[in-house]
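A.B. asks: Below are the sequence and a predicted model for it; my questions follow.
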Amino acid sequence: GESVGLHLPTLSVQEGDNSIINCAYSNSASDYFIWYKQESGKGPQFIIDIRSNMDKRQGQRVTVLLNKTVKHLSLQIAATQPGDSAVYFCAEKIPLGAGTASKLTFGTGTRLQVTL
Amino acid sequence: DAGVTQSPTHLIKTRGQQVTLRCSPKSGHDTVSWYQQALGQGPQFIFQYYEEEERQRGNFPDRFSGHQFPNYSSELNVNALLLGDSALYLCASSLDRGVYEQYFGPGTRLTVT
C-alpha cells in the first residue's frame, strides 16, 4: 500500500506498553480537537475528540489530554497492539466565519511503530 | 450504511492536463470538504461545499475548483496540473447541523509526471 509520512517523527513502543503521542496546536480560538489514525493507503480514521471546555476524555484504550495553557494535546494508548501501528494526527477545528461551518487544521503527524 | 467513497483510487496525469476527482459523502451528510495531503505531511484544507456552493477556501490557487451536486456528492477539478500537485486527495463529509466529526474517504492518489 501507499506509505504515508516517510519523514515523520517516529515513536517505537513494545507491544503491551502504553504509548503517548504529543501535539502542539496554534489557534487559541479552537474549541474542538480530534485525533485521527491513518494507516498506509487509507484516509484518516477518527479515534477520539475533545472540546475545549474539557481537560481529559477517555475512550476504549485511548485517552486524550488537553492543556489549553500551553496549547498542547496528547493521545495516550493503553496496552499498545500491533494493529495500532499507523500515523497519528491531531487536528483542530477552525470556524469558517459565522454559523457551523468549520475546517480541520492538521498537525504534522507521528508514526507509531509497535514492536513485538 | 455506506461511508465516504472516492474515485478513482489512483490516477496518473501529465503536466498541463486537467483532472476530475469524485466523492460521495457518508449517507445523511450534506457537507463535503476536500483536503490535499502531500507525502509526509498532514492534510491541507482546499475548500468546503454546502448546499451546492463553495463555503470557504484554503490557500489554493484558482486552478483548484469544485462542485457539489443536489445529491451532496462532489467533484474536485484541477487544471493545468503541476508536478507539485502530486498528492493524496481526501474528501471528508460531515453534517452541517452541529455534528463536528468529519468522516474521511480513502483518498485518490494523483501522480503528475
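C.D. replies: Arrived safely, thanks for sending.

A.B. asks: OK, contacts around residue 8?
C.D. replies: In the absence of a named chain, chain A is used. Contacts for A:Leu8 (CB atoms under 8 Å, 6 or more residues apart in numbering or on different chains) come out as A:87, A:108-111, B:40. From N, CA and C alone the C-beta is placed, and that goes for glycine too.

A.B. asks: try chain B instead
C.D. replies: Applying CB under 8 Å, 6+ apart to B:Pro8 gives the contacts B:21, B:108.

A.B. asks: Quickly note the distance from it to B:Ser73.
C.D. replies: Counting by CB to CB, to the nearest Å, the gap from B:Pro8 to B:Ser73 is 15 Å.

A.B. asks: go on, B:Ser94?
C.D. replies: Distance of B:Ser94 to B:Ser73, given as CB to CB: 14 Å.

A.B. asks: Which one's more surrounded, these two?
C.D. replies: Taking B:Ser94 and B:Ser73 together and counting by other CB atoms under 10 Å in any protein chain shown, B:Ser94 has the greater number of neighbours (25 against 17).

A.B. asks: mind checking which helix or strand the spatially closest residue to A:Lys56 that is not a sequence neighbour is in?
C.D. replies: Counting by CB to CB, 6 or more residues apart in numbering or on different chains, A:Leu65 is the residue found nearest to A:Lys56 once chain neighbours are left out, at 5.4 Å. Secondary-structure assignment from DSSP states H and E places A:Leu65 in strand A:62-67.

A.B. asks: can you pull the contacts of whichever residue of chain B sits closest to chain A?
C.D. replies: Residue of chain B nearest chain A, by CB to the nearest CB: B:Gly42 (3.1 Å). Residues in contact with B:Gly42 (CB under 8 Å, 6+ apart) are A:89, A:91, A:106-109.

A.B. asks: Could you save the residues you listed as TSV and add columns showing distance to B:Ala80, neighbour count and pLDDT?
C.D. replies: TSV is the format used below for the contacts of B:Gly42 (distance: CB to CB, whole Å; neighbours: other CB atoms under 10 Å in any protein chain shown; pLDDT from 0 to 100):
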residue	distance to B:Ala80	neighbour count	pLDDT
A:Phe89	30	28	95
A:Ala91	30	25	92
A:Phe106	26	21	91
A:Gly107	31	22	87
A:Thr108	29	16	85
A:Gly109	29	25	92
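
A.B. asks: ok, which pair from the contacts of A:Leu8 is furthest apart?
C.D. replies: A:Thr110 and B:Gly40 (12.0 Å; CB to CB).

A.B. asks: more neighbours, those two?
C.D. replies: Using other CB under 10 Å as the criterion, A:Thr110 and B:Gly40 rank with A:Thr110 on top: 20 against 15.

A.B. asks: pretty sure that one is touching A:Ser12, no?
C.D. replies: No. In terms of CB atoms under 8 Å, A:Thr110 does not count as a neighbour of A:Ser12; the distance is 11.0 Å.

A.B. asks: and the strand holding A:Leu65, how far from the chain's centre?
C.D. replies: The chain centre lies 9 Å from the centre of strand A:62-67; the measure is CA atoms, centre = their mean, to the nearest Å.

A.B. asks: Okay then, goodbye and thanks.
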